[in-house]
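Asks: sequence? don't have it. structure:
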């Protein structure tokens, strides 16, 4: 059901977004962990759980608008290297922001919030702040710049 809603939204607005199946998304996550380890790079992992989001946005229009805001931003501001796919049992959408740290997520989040404000959907900021928890991989990478050696 959610799969059809999201695909219809992408088609309707002609968003330039591809969503991987859960199997391919899981494989891409594993590949990125290996690549990140080999290249000493980082990425941000995000999960958008459908059930949790439905509880936060029980109104169908608000729920659709949430995804519209996200897809509009991802379609217009995508670097082409970010990965989106279904989570296990199609329970949600996962996202990898490649070669990013937490500030990369904060920029994307800010653009989503601006889009939501323009569409008069003020609930999105609270959801992005309280429900979506970004995970930085590898966790040992500091998000702040390295202090100069003394």
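Replies: Structure received. Keep in mind the model is a prediction, meaning the values are calculated, not measured.
Asks: ok now the lowest-mean-pLDDT helix or strand in the chain, how far from the chain's centre?
Replies: Scoring the helices and strands of the chain by mean pLDDT, DSSP states H and E places helix 60-77 at the bottom, with a mean of 89. Helix 60-77 has its C-alpha centroid displaced from the chain centroid by 11 Å (CA atoms, centre = their mean, to the nearest Å).
Asks: nearest residue to the middle of the protein?
Replies: residue 95 (4.2 Å; CA atoms, centre = their mean).
Asks: distance check, that residue against residue 49.
Replies: Using CB to CB, to the nearest Å, residue 95 is found at 12 Å from residue 49. Where C-beta positions appear, they are placed from N, C-alpha and C, glycine not excepted.
Asks: what does residue 67 give?
Replies: Using CB to CB, residue 67 is found at 13 Å from residue 49.
Asks: what of residue 107?
Replies: Per CB to CB, residue 107 is found 23 Å from residue 49.
Asks: list the residues that contact residue 4.
Replies: With contacts taken as CB atoms under 8 Å, 6 or more residues apart in numbering, residue 4 has no neighbouring residues.
Asks: what about it, is that helix, strand or coil?
Replies: Here residue 4 is helix, with the state taken from DSSP: H, G, I helix; E, B strand; the rest coil.
Asks: per-residue pLDDT, it?
Replies: Confidence at residue 4, expressed as pLDDT, is 92.
Asks: start the count at 718 instead of 1 going forward.
Replies: Taking 718 as the first residue, the last one we looked at is residue 721.
Asks: residues contacting residue 738?
Replies: Residue 738 makes contacts with 802-803, as judged by CB under 8 Å, 6+ apart.
Asks: how many neighbours does the closest residue to residue 774 other than its chain neighbours have?
Replies: Distances taken as CB to CB, 6 or more residues apart in numbering place residue 780 nearest to residue 774, at 4.3 Å, with adjacent residues excluded. By other CB atoms under 10 Å, 18 other residues sit near residue 780.
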